[in-house]
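1. Here's a sequence, model it:
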Amino acid sequence: MEAKVGYSRAVRVGRSVHVAGTTGFGPDGNMVSPDALGQTRQILKIIIAALAEAGAKPRDVVRTVMYVTDIADAEDVGKAHGEVFADIRPASTLVQVAGLIAPDMKVEIEAYAELSEDV
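-> Just a heads-up that it's a prediction; the model follows:
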């Protein structure tokens, strides 16, 4: 979708890495799971891969922003987020939105990382 829409999954500027809003699509272009927990786990895999391409690791993440279409999914989204970030504990926001770009999307996550030194 990046080339089609004209954006980058992640951009590194100096020591900062900005990961664009990411959803739970698989390599085949389909949503990997109908539920928020499965979508969030896929999203975090994509984010971790994007961070790695930019020279960052999950421990470098300082902020995440999570968007859900149903606040009832907050516990599942938080569970998956905690599987990656429980020991890192970035500043985080989780908000309900009216909708995402496709009706089967339940979650979208942005991440921001700061590297300790230029690599």
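2. alpha carbons only for contacts and neighbour counts from here, please
-> OK.
3. Can you pull out the low-pLDDT segments for this protein?
-> Applying pLDDT under 70 to the chain picks out residues 118-119.
4. could you pull out the helices for the protein?
-> Listed in chain order, the helices of the chain (DSSP state H) span residues 2-5, 36-53, 74-85.
5. And the first one, how far out from the chain middle?
-> Which is helix 2-5. With Cα atoms, centre = their mean, to the nearest Å as the basis, the distance from the averaged C-alpha position of helix 2-5 to the chain average is 18 Å.
6. Same question for stretch 59-71.
-> Going by Cα atoms, centre = their mean, where stretch 59-71 is centred and where its chain is centred differ by 6 Å.
7. Now do the buried residues in it.
-> By neighbour count, and taking 16 or more other Cα atoms under 10 Å as the criterion, the buried residues in stretch 59-71 are 60-69.
8. quick one: contacts of it?
-> Identification of contacts with stretch 59-71 by Cα atoms under 8 Å, 6 or more residues apart in numbering yields 74, 85, 88-100, 105-116.
9. Got a quick ChimeraX command for the buried subset of those residues?
-> Buried subset of the contacts of stretch 59-71, written as a ChimeraX selection, criterion 16+ other Cα under 10 Å:
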select :74,85,90,94,96,105,106,107,108,109,110,111,112,113,114,115
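10. hang on, the earlier thing: could you dump the helices of the chain into JSON lines and include distance to residue 22?
-> What follows is the helices of the chain, written out as JSON lines (distance: least, Cα to Cα, whole Å):
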{"stretch": "helix 2-5", "distance to residue 22": "11"}
{"stretch": "helix 36-53", "distance to residue 22": "6"}
{"stretch": "helix 74-85", "distance to residue 22": "13"}
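11. re earlier: among the buried residues of stretch 59-71, which are in strands?
-> Among these, the ones falling in strands (DSSP state E) are 61-68.
12. and of the helices of the chain, who's closest to residue 15?
-> helix 36-53 (11.9 Å; Cα to Cα).
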